[in-house]
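Novice: turn this into a structure:
(4 chains)
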There are 2 protein chains.
Amino acid sequence: MAERRLRADALSNRARIVQVARDLLSSTSELPMNAVAKAAGVGQGTLYRNFPTREALLAEVYRADVDQLVASAGTLLGEHDAATAFRRWLDNVADYARVKRGVLAALEPGSGHELAASHTGPIGEAIDRLLAAGREEGTIRADVTSRDVLILLGFLSRLDEASAAESAHHILDLIFHGLRTRGGERPRAEGAAETGG
Amino acid sequence: MAERRLRADALSNRARIVQVARDLLSSTSELPMNAVAKAAGVGQGTLYRNFPTREALLAEVYRADVDQLVASAGTLLGEHDAATAFRRWLDNVADYARVKRGVLAALEPGSGHELAASHTGPIGEAIDRLLAAGREEGTIRADVTSRDVLILLGFLSRLDEASAAESAHHILDLIFHGLRTRGGERPRAEGAAETGG
DNA sequence: AGCGTATGCGGACACGTGTCCACTTGACAG
DNA sequence: CTGTCAAGTGGACACGTGTCCGCATACGCT
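Specialist: Residues are numbered from 1 along each chain as shown, chains lettered A, B, ... in the order given. Down below sits the predicted model:
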């Protein structure tokens, strides 16, 4: 599966493309593919061979951020109960999304593209971990998949520049509420004092 | 607000554009704007003046369907308790969305465009009615707006051709669950005989 | 070093979108 | 009926995307 080792020039081209994309994004929030190709001194073909879609390019550019997001899932799970960890993590995603719109595109492949059918990427795996913990804890519905969550999270990419940024957290509340088991915070299997709705 | 009465030729142009768009959509699911202009025998300028975005054109083409969707909200509210009506209505939306992708675009303005800031269109009003009924009944969270629902429903437009069509109902379940009050089906105030589901 | 070839290059191209503006024409006054 | 002019027209244009393919060259082999 590891692609048969790139030629030396191909490797440097790829690296240069990513660097140029990073630079462009730091000045404007636009990322026209042909501008990337031109600035990187490669043809459109080269660009598109390395990164078939803009999302692929953004995913590479923001890989460090995505890794951090993934790591934070583990951290939160260590510090809080599963439900709280999940909730906080969703807020993390929203924060990243607001600051770097590209991060969204980087996780978008999880919802819309064919490659995502089975492999939802590192983010999908992070969500799986959160879901599994919540399921075990009894606070998260058992019929939720990481794919579901990714699709629901897709709304973030539609909010962007509108003043709607503030509504992100509210909607995340609704979504999170939807992921929970009926009882609310406590699963009632564990002998917790249920406050009752 | 009524635009100052169009010139006769303008009116017929507009009608022809809509008709042509309808025809194009019935053969392919594509709707290239310049193809519409060409087939309608008008210039790009005319097309774009009448319908600034593809969504605007689709909204016009599918207006009858949207009206029907809106009407079904009232019907359902007459036949069921608010929660059930809401749930059924969401399924209606998903069904329309699967059959005619354009309907989605027609309601999309509610989530992403500026005009939607306050006026979410007829669909928004239908949702408002469902929300109000559910709120009164005590089964729907009081802090949910039609805008929230429209944004959440946006996921439907991302599902399209993928085999994900079947997952639409599942995700609607999650969303609907998120809109409900804690107690679940019964608000314990109204003793309605809800079959549950 | 010299060679053959698969690998990668890069830009022309086909196609789509949306804007702009010089020109046309419908509607109404005289 | 005719003149007037704002409303309306339509297509050229600027810009973006993504594909295709003839060509260059890096790499492995001798």
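Novice: show me chain A divided up by domain.
Specialist: A:8-51, A:63-179 (automatic domain parsing).
Novice: could I get those domains as CSV with mean pLDDT?
Specialist: Shown next, in CSV, are the domains of chain A (pLDDT from 0 to 100):
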stretch, mean pLDDT
domain A:8-51, 93
domain A:63-179, 85
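Novice: pretty sure residue A:69 contacts residue A:92?
Specialist: Yes. In this structure, residue A:69 is within contact of residue A:92 by CB atoms under 8 Å, at 6.3 Å. The C-beta positions use only the backbone N, C-alpha and C, and glycine is treated the same way.
Novice: higher neighbour count, these two?
Specialist: residue A:69 (22 against 16; other CB atoms under 10 Å in any protein chain shown).
Novice: measure the closest residue to residue A:83 other than its chain neighbours to residue A:102 for me?
Specialist: Leaving aside its chain neighbours, residue A:83 sits nearest to residue A:139 (4.1 Å; criterion: CB to CB, 6 or more residues apart in numbering or on different chains). Distance of residue A:139 to residue A:102, computed by CB to CB, to the nearest Å: 32 Å.
Novice: residue A:73 now?
Specialist: Between residue A:73 and residue A:102 the distance is 20 Å, computed by CB to CB.
Novice: same question, residue A:63
Specialist: The gap separating residue A:63 from residue A:102 is 11 Å, by CB to CB.
Novice: cool, and residue A:137?
Specialist: 33 Å.
Novice: more neighbours: which of the two?
Specialist: For residue A:137 versus residue A:102, the count of surrounding residues by other CB under 10 Å is larger for residue A:102: 23 against 18.
Novice: name the element that one belongs to?
Specialist: For residue A:102, the host element (DSSP states H and E) is helix A:101-107.
Novice: tell me, how many residues neighbour residue A:99?
Specialist: Neighbours of residue A:99 under the rule other CB under 10 Å: 10.
Novice: now residue A:63
Specialist: 13.
Novice: give me the phi and psi for residue A:180.
Specialist: In terms of degrees, to the nearest 10, the main-chain angles of residue A:180 are phi -80, psi 160.
Novice: what number of residues lie near it?
Specialist: Neighbours of residue A:180 under the rule other CB under 10 Å: 22.
Novice: residue A:74 now?
Specialist: Residue A:74: 14 neighbours (other CB under 10 Å).
Novice: also residue A:169?
Specialist: The tally of other residues near residue A:169 (other CB under 10 Å) stands at 12.
Novice: my guess is it meets residue A:88, correct?
Specialist: No. Counting by CB under 8 Å, residue A:169 stays clear of residue A:88, with 11.6 Å between them.
Novice: list the contacts for residue A:6?
Specialist: Going by CB atoms under 8 Å, 6 or more residues apart in numbering or on different chains, residue A:6 touches residue A:14.
Novice: switch to 10 Å and redo it
Specialist: Taking CB atoms under 10 Å, 6 or more residues apart in numbering or on different chains as the criterion, residue A:6 is in contact with A:12, A:13, A:14, A:50.
Novice: and DNA strand C, which of the residues you listed reach it?
Specialist: Among the contacts of residue A:6, the residues within reach of DNA strand C (CB under 7 Å from any atom of the strand) are A:13, A:50.
Novice: could you dump the contacts of residue A:6 to JSON lines with neighbour count?
Specialist: Shown next, in JSON lines, are the contacts of residue A:6 (neighbours: other CB atoms under 10 Å in any protein chain shown):
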{"residue": "A:12", "neighbour count": "11"}
{"residue": "A:13", "neighbour count": "20"}
{"residue": "A:14", "neighbour count": "19"}
{"residue": "A:50", "neighbour count": "19"}
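Novice: wait, which of the contacts of residue A:6 is closest to DNA strand C?
Specialist: When the contacts of residue A:6 are compared for distance to DNA strand C (CB to the nearest atom of the strand), residue A:13 wins out at 3.6 Å.
Novice: residues near residue A:76, how many?
Specialist: Look at residue A:76: counted by other CB under 10 Å, it has 21 neighbours.
Novice: give me the residues contacting the helix or strand containing it.
Specialist: Element membership of residue A:76, judged by DSSP H and E, is helix A:63-79. For helix A:63-79, contacts defined as CB under 10 Å, 6+ apart pick out A:18, A:58-60, A:62, A:82, A:84-89, A:91-93, A:95-97, A:99-100, A:102-103, A:106-107, A:121-130, A:132-134.
Novice: in helices only, show me those.
Specialist: Assigned to helices by DSSP state H, the following of these qualify: A:18, A:58-60, A:82, A:84-89, A:91-93, A:95-97, A:99, A:102-103, A:106-107, A:121-130, A:132-134.
Novice: buried ones among these?
Specialist: Neighbour counting by 16 or more other CB atoms under 10 Å in any protein chain shown classes A:18, A:58-60, A:82, A:85-89, A:92-93, A:96-97, A:102-103, A:106-107, A:121-124, A:126-130, A:133-134 among the ones in helices among the contacts of helix A:63-79 as buried.
Novice: those residues also near DNA strand C: which ones?
Specialist: The subset of those within reach of DNA strand C, by CB under 7 Å from any atom of the strand, is empty.
Novice: for the residue of chain A found nearest DNA strand C, what are its contacts?
Specialist: The nearest approach of chain A to DNA strand C comes at residue A:43, 1.7 Å away (CB to the nearest atom of the strand). Listed by CB under 10 Å, 6+ apart, the contact set of residue A:43 reads A:13, A:34, A:37, A:49.
Novice: quick check: which element contains the first one?
Specialist: When you say that, I think you mean residue A:13. Using DSSP H and E, residue A:13 falls in helix A:8-27.
Novice: can you name every helix or strand that whichever helix or strand comes after that helix contacts?
Specialist: Downstream of helix A:8-27, the first helix or strand assigned by DSSP H and E is helix A:33-40. In this structure, helix A:33-40 makes packing contacts with helix A:8-27, helix A:44-50, helix A:54-61, judged by 3 or more CB pairs under 10 Å, 6 or more residues apart in numbering or on different chains; DSSP states H and E.
Novice: brilliant, that's me finished.
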